[in-house]
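Student: here is the input, now give the coordinates:
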Amino acid sequence: MIVAAVVFVGVAVVLHCYIFVMESLLWTAPATRRTFGLSADEAANTREMAFNQGFYNLFLAVIAAVGAVLVFTHRDVGAALIFAGCGSMVAAGLVLLASSPTKARAALTQLATPLVAVVLLAVALIA
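Tutor: Sure thing, here's the model as predicted:
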């Protein structure tokens with residue numbers, strides 16, 4: 001069950017790294033603007049905010065990735081890092097869902113895989 005949890009952690013890590021790239025590196029690119037529904041002016045005016053937000057996503061991905069590696073050698077430390085990283089991803093997705101219901105698809109995409117990872121890991125540790 002831990003292996004299944006780590007697979008979902010991996011998917012969440014890749015997704016959040018992709019979000020980092022879009023927000024911090026490609027925010028004003030046409031494809032990214034289309035993804036987020038932004039005009040060129042809106043993207044330019046929010047570039048600094050998106051740059052910072054992208055790094056939050058990257059840091060959560062790093063925490064979860066380190067946890068996924070350590071859970072096999074230092075189970076408690078790895079699990080704590082997975083719960084912290086993926087739990088924060090889930091919480092951020094819930095905040096997005098609550099604050100911007102029109103972005104429900106993005107919020108659910110952001111929180112689904114880390115939620116599955118957290119549930120699978122919790123079940124594995126309880127069993």
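
Student: when you work out contacts or count neighbours from here on, use the C-alpha atoms and nothing else.
Tutor: Noted.

Student: what does T73 show for phi and psi?
Tutor: Backbone torsions for T73, taken as degrees, to the nearest 10, come to phi -120, psi -30.

Student: so what's the residue count around it?
Tutor: The number of residues packed near T73 is 10, by other CA atoms under 10 Å.

Student: swap in the one 3 residues further on?
Tutor: Taking other CA under 10 Å as the neighbour definition, D76 ends up with a count of 14.

Student: ditto for G54
Tutor: Other residues within reach of G54, judged by other CA under 10 Å, total 22.

Student: I'd like to know how far it sits from A106.
Tutor: Look at G54 and A106: by CA to CA, to the nearest Å, they are 15 Å apart.

Student: for the spatially most central residue of the chain, give me its contacts.
Tutor: Nearest residue to the geometric centre of the chain (CA atoms, centre = their mean): H16, 4.0 Å. By CA atoms under 8 Å, 6 or more residues apart in numbering, the residues touching H16 are N57, L58, L60, A61, Q110.

Student: and for V116?
Tutor: Contacts of V116 (CA under 8 Å, 6+ apart): A5, F8.
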